[in-house]
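**Student:** next one to model:
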Amino acid sequence: MFSFGRKHELECATRYVRDQAQLELVTALINSIHDLLEGKSSVEQVQSAVRAAFVEGKAGIWEQAGSWLRKLGEEYPSLLALWREFAAHPRSEVRFRAAAHLDGMPGAIGESLQPRLAGDKSARVRAMAIDRWSCPKEWQG
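**Tutor:** Numbering: from 1, shown residues only. Model prediction:
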């Protein structure tokens with residue numbers, strides 16, 4: 001998996017974060033990923049850091065967690081189970097976040113979660129799921 005290196009990733013990830021709790025979430029996320037890449041950590045530790053950043057992170061943090069999950073899933077497919085967990089989360093805010101990443105999820109996962117999120121009890125989640133799924137693929141990052 002490509003990375004610009006721990007130091008650079010930390011600098012970029014923390015540049016605009018002022019809240020100490022949020023800073024700790026994103027720092028733990030980046031460090032756990034690089035520890036895994038360096039063979040100093042486990043997939044379970046990364047899973048825990050991604051979960052914390054995605055669920056508890058504020059703007060800028062949860063997006064980074066989702067982006068890293070998309071990248072990590074290619075080499076560590078067991079992490080992709082987090083998408084299902086997030087799509088079924090009791091908090092609609094977390095389901096909304098999952099819906100916001102729907103267009104970047106691996107095909108089979110996105111296809112299986114799209115109907116669930118598009119039929120969510122929250123109008124905001126439904127709208128995001130429909131929007132992300134209908135976005136032309138060439139527009140998707």
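**Student:** alpha carbons only for contacts and neighbour counts from here, please
**Tutor:** Will do.
**Student:** give me the neighbour count for residue 134.
**Tutor:** Applying other C-alpha atoms under 10 Å, we find 10 residues neighbouring residue 134.
**Student:** for residue 128, see how far away it is.
**Tutor:** 10 Å (C-alpha to C-alpha, to the nearest Å).
**Student:** do residue 58 as well
**Tutor:** Residue 58 is 18 Å from residue 128, by C-alpha to C-alpha.
**Student:** and those two? which has more neighbours close in?
**Tutor:** Neighbour comparison, residue 58 and residue 128: the larger count goes to residue 128, with 21 against 15 (by other C-alpha under 10 Å).
**Student:** other residues contacting whichever strand or helix holds residue 44?
**Tutor:** Here residue 44 sits within helix 43-56, counting by DSSP states H and E. Helix 43-56 has contacts (C-alpha atoms under 8 Å, 6 or more residues apart in numbering) with 25-26, 28-29, 32-33, 36, 61-63, 65-66, 68-69, 76, 79, 82, 94, 97.
**Student:** keeping just the C-alphas, turn it into CSV.
**Tutor:** Backbone C-alpha positions of helix 43-56 (Å, rounded to 0.1, in the frame of the first residue of the first chain) are rendered in CSV as follows:
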residue,chain,number,x,y,z
VAL,A,43,-4.9,-5.7,11.7
GLU,A,44,-7.1,-5.7,14.9
GLN,A,45,-5.3,-2.6,16.2
VAL,A,46,-5.8,-0.8,12.9
GLN,A,47,-9.5,-1.9,12.9
SER,A,48,-9.9,-0.4,16.3
ALA,A,49,-8.3,2.9,15.3
VAL,A,50,-10.3,3.1,12.1
ARG,A,51,-13.5,2.4,14.0
ALA,A,52,-12.7,5.1,16.6
ALA,A,53,-11.8,7.7,14.0
PHE,A,54,-14.8,7.0,11.8
VAL,A,55,-17.4,6.8,14.6
GLU,A,56,-16.1,9.5,17.0
